[in-house]
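Asks: have a look; sequence and predicted model below, questions after that.
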Amino acid sequence: MLVLGFHGGHRRVDEDNRVGFALHDSAAVLVRDGEVLAAIEEERLNRIKHTNCFPALSIRYCLDRCNLTLNDLDIITTNADEAWEDVKLKRFFLETQDHKIRPDGRSFIASTFEREFGIDVTKKLWFCGHHLAHAWSAYGPSGYRNALILVLDGDGDNLSGMVFQAEGANLTQLREFGLNQSLGHLYQGIINYIGYNRFDEYKVMGLAPYGDPNVYAEVFEKCYRLLPNGDYSVGGPATWMTHFDNAGLLKAVRRKGEPFTQTHKDIAASLQSMLEKIVLHILVHYRNVTKQTNLCLAGGVAHNCSMNGRILYSGLFKQVFVQPAAHDAGGALGAAYNALNQYRHLQGMKMDHLYHGTDIGDDDSIEKTLKSWGDFISYEKVDRITEKTARLLAGGQVVGWVQGRSEFGPRALGNRSILADPRPAENKLLINEMVKRRESYRPFAPSVLEERVRDFFDVPENQAKYPFMIFVVRTREDKRDILQAVTHLDGTARLHSVSRRTNPLFHELISEFDKLTGVPALLNTSFNNNVEPIVDTADEAIMCYLTTGLNHLVIGSYLVCRKEADPLPLVYQRLAISLPRSRRLVQRQSEIEPGRVEVIFELESASNPFFSQKLIGLSKDMFRILQKSDGRQTLSDLTVQEGIFDAGKIQALTEELFELWSKRGVILSPI
């Protein structure tokens with residue numbers, strides 16, 4: 001049986017998509033009788049982080065990967081309750097004058113598919129409650145035959161979480177958490193005080209080890225209560241504002257880009273501590289009630305790897321499985337598992353890898369791509385690419401590593417990774433500055449040979465495999481000075497264990513590094529800069545390489561290096577310019593002082609600003625050039641058309657274009 005699970009909004013990438021913010025992380029997953037055939041997030045394809053667009057590209061990818069059409073599918077399912085979808089659409093109908101006929105959820109989604117694919121899928125559509133889909137996303141691939149399941153997130157179907165007990169193929173709901181108990185919204189609300197916003201939660205988790213949770217424990221304890229029977233309550237925004245103001249914390253509010261003070265770090269530590277206390281309170285109660293020794297976690301809150309580590313070490317459960325795509329993208333997988341389970345029992349299956357995305361291609365296709373960028377890069381095919389790369393890494397080089405199929409979910413697990421030596425502490429600062437352009441404290445993960453995990457990390461006896469980089473564990477005390485670049489201030493690390501069976505090439509690379517250094521681990525972080533999703537294709541890997549400070553790039557068997565010449569002159573000479581479908585040019589008048597109006601030129605995003613930089617300022621000349629860009633002409637062609645011949649102006653435009661490219665505001669491609 002073939003089932004397509006999907007999650008996402010209804011608008012195209014080029015349509016005004018500022019509504020539908022509650023939806024994010026669009027994705028599609030194709031499953032056959034429990035086996036995942038293809039899975040990818042829409043952001044990897046439309047290049048908008050956390051996109052809420054209809055996942056048309058993801059659906060096409062899944063179908064094309066298996067040479068299928070929508071007609072070949074048995075079920076198409078989404079992670080939303082049908083009744084709640086109907087309610088949302090009624091509200092949308094009342095608020096929007098464009099629609100004359102009130103739609104229902106089923107017909108509305110079917111019409112979206114018909115618009116994109118020209119096929120009526122009404123009879124194939126299934127719905128799965130948001131949190132039930134999260135639950136199945138964790139339990140279905142856990143390999144367990146019974147478990148306690150905890151789902152916690154911001155919101156979905158007007159709730160913020162659920163607890164289930166799984167026995168065989170049956171999931172029994174034990175309780176639900178209302179929106180007024182949302183730990184996702186609570187975490188998001190508090191991080192506003194330290195200059196962060198939605199989708200920045202993981203940054204605060206990384207900041208927490210630098211603070212002391214005891215400093216503001218009393219303030220936080222006034223704002224939540226642990227109640228009997230695993231229940232809890234949390235204060236609303238006004239409660240938090242009042243107590244923070246009384247403690248003088250509003251005076252210390254940080255704005256984005258401002259430096260961090262110890263106060264900000266202590267707030268982060270207190271927030272993390274509170275989250276862990278509440279979640280453990282829930283789990284202690286339901287562990288006692290159900291007597292379950294296996295735990296499954298899903299929902300956006302389950303991406304808090306430090307919390308997951310606390311649960312792991314608590315001793316409450318013998319085994320803990322966290323869905324690696326715990327956010328809403330994973331709901332597409334859970335909805336598919338739920339649908340399949342109606343026909344055959346899926347319990348006891350085991351997910352052991354996430355390499356379900358785009359294939360980088362064979363050597364011939366890789367070389368064809370590399371050749372097209374020949375004005376910027378040199379490359380060579382290396383017989384023992386793992387040996388060569390290991391020597392570069394041991395010599396202090398930072399390498400982009402692109403192999404096989406991309407990973408489903410938010411983590412780079414050795415196929416779309418930036419790699420470095422995990423030993424020198426300065427490597428953390430180096431990569432944060434030269435590649436990520438982000439805060440210097442932000443941590444990186446160690447990728448470690450699966451069979452050597454216990455040599456470097458103190459992990460529970462009954463759980464030795466950590467293939468998804470979803471747990472923070474303790475680095476052995478005698479190894480912390482060795483793994484300085486990947487060990488947090490509190491002596492922990494976000495562990496990724498690498499299996500010879502599921503990723504033989506990455507395992508071989510780490511083994512070669514071990515031969516040279518005696519350390520069976522590499523620093524691993526996602527291959528992207530700070531404004532784009534993880535790279536998916538060879539072209540995207542090359543673009544990221546050229547616009548960051550990476551020393552080398554490895555794609556398949558090819559070692560890639562920049563050419564010696566400064567790339568800026570070549571940008572306008574050799575690369576064609578076009579705009580992403582989600583970007584449009586705008587000009588407007590702005591009154592800078594009474595009676596004085598200035599014309600502003602900008603590149604605007606059709607997406608909600610949470611998903612993409614809303615506006616990028618442009619010079620007037622660049623605005624005119626981008627108006628004529630069509631994907632076939634270079635900056636050199638367009639400056640001639642605009643009558644721009646001054647060398648200084650051309651150099652300034654070149655630098656502006658390169659910066660736009662770095663921000664992914666424009667597309668530059670070989671012709």
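Replies: Received, thanks.

Asks: show me where pLDDT drops low in the stretch 551-671 of the chain?
Replies: 565-568, 608-612 (pLDDT under 70).

Asks: you'd agree I542 is up against V554?
Replies: No: look at I542 against V554 with CB atoms under 8 Å: they stay out of range, at 11.7 Å. From N, CA and C alone the C-beta is placed, and that goes for glycine too.

Asks: mutual contacts of the two, please.
Replies: Here I542 and V554 have V560 as joint contacts, going by CB atoms under 8 Å, 6 or more residues apart in numbering.

Asks: which helix runs longest in this protein?
Replies: Scanning the chain for the helix with the most residues, using DSSP state H, yields helix 262-290.

Asks: what sits against the spatially closest residue to E604 that is not a sequence neighbour?
Replies: Leaving out its chain neighbours, the residue that sits closest to E604 by CB to CB, 6 or more residues apart in numbering is V586, at 4.7 Å. Shown in contact with V586 (CB under 8 Å, 6+ apart): 601-604.

Asks: what's the domain layout of the protein?
Replies: Here the domain parsing of the chain from automatic domain parsing is 2-78+82-127, 142-325, 363-562, 569-670.

Asks: still on that earlier bit, quick check: bridge partners of the residue nearest to E604?
Replies: Using DSSP bridges, the bridge partners assigned to V586 are E602.

Asks: okay, now the unreliable bits of this protein?
Replies: For the chain, the stretches with pLDDT under 70 are 17-22, 95-101, 345-348, 436-437, 565-568, 608-612.

Asks: how near is the residue in it sticking out farthest from the centre to G140?
Replies: For the chain, the largest distance from the centre (CA atoms, centre = their mean) belongs to G595, which lies 46.4 Å off. The spacing between G595 and G140, counted by CB to CB, to the nearest Å, is 66 Å.

Asks: where exactly do the strands run in the stretch 351-500 of the chain?
Replies: 377-381, 399-402, 416-420, 445-449, 457-458, 471-475, 492-498 (DSSP state E, counting those that start in this stretch).

Asks: near M543, how many other residues are there?
Replies: By other CB atoms under 10 Å, 22 other residues sit near M543.

Asks: does it belong to a helix, a strand or coil?
Replies: Under DSSP: H, G, I helix; E, B strand; the rest coil, the three-state class of M543 is helix.

Asks: would you confirm that it contacts W661?
Replies: Yes: with contact defined as CB under 8 Å, M543 reaches W661; the gap is 7.4 Å.

Asks: what is in contact with these two at once?
Replies: By CB under 8 Å, 6+ apart, the residues touching both M543 and W661 are L668.

Asks: still on that earlier bit, of the contacts of V586, closest to L668?
Replies: Among the contacts of V586, L603 lies closest to L668 (CB to CB), at 14.2 Å.

Asks: how far away is A606 from C62?
Replies: For A606, the distance to C62 - CB to CB - is 24 Å.

Asks: surely L522 is in a helix?
Replies: No: counting by three-state DSSP, L522 falls outside a helix, being strand.

Asks: rewinding a little: okay, A606 and C62: which has more neighbours?
Replies: C62 (28 against 22).

Asks: roughly how far does that one sit from R32?
Replies: Separation of C62 from R32 (CB to CB) stands at 11 Å.

Asks: over to P446?
Replies: Counting by CB to CB - P446 and R32 are separated by 35 Å.

Asks: ok, V399 next?
Replies: As defined by CB to CB, V399 lies at a distance of 36 Å from R32.

Asks: again, but for T293
Replies: Taken as CB to CB, the span from T293 to R32 is 31 Å.

Asks: what sits against F527?
Replies: Taking CB under 8 Å, 6+ apart, one finds 400-402, 412, 416-418, 534-535, 541, 544 in contact with F527.

Asks: quick check, nearest of those to N79?
Replies: Checking these against N79 by CB to CB gives I534 as the nearest, at 22.2 Å.

Asks: part of a strand, is the closest one?
Replies: No: using three-state DSSP, the assignment for I534 is coil, not a strand.

Asks: just the buried residues of the longest helix of the chain, please?
Replies: For helix 262-290, burial by neighbour count (16 or more other CB atoms under 10 Å) applies to 263-280, 282-283, 285-287, 290.

Asks: what's the helix or strand just after that helix in contact with?
Replies: Next helix or strand after helix 262-290 toward the C-terminus (DSSP states H and E): strand 294-298. Residues outside strand 294-298 that contact it (CB under 8 Å, 6+ apart): 134-135, 137-139, 142, 144, 146-152, 166, 283, 287, 308, 311, 316-323, 326, 330, 334.
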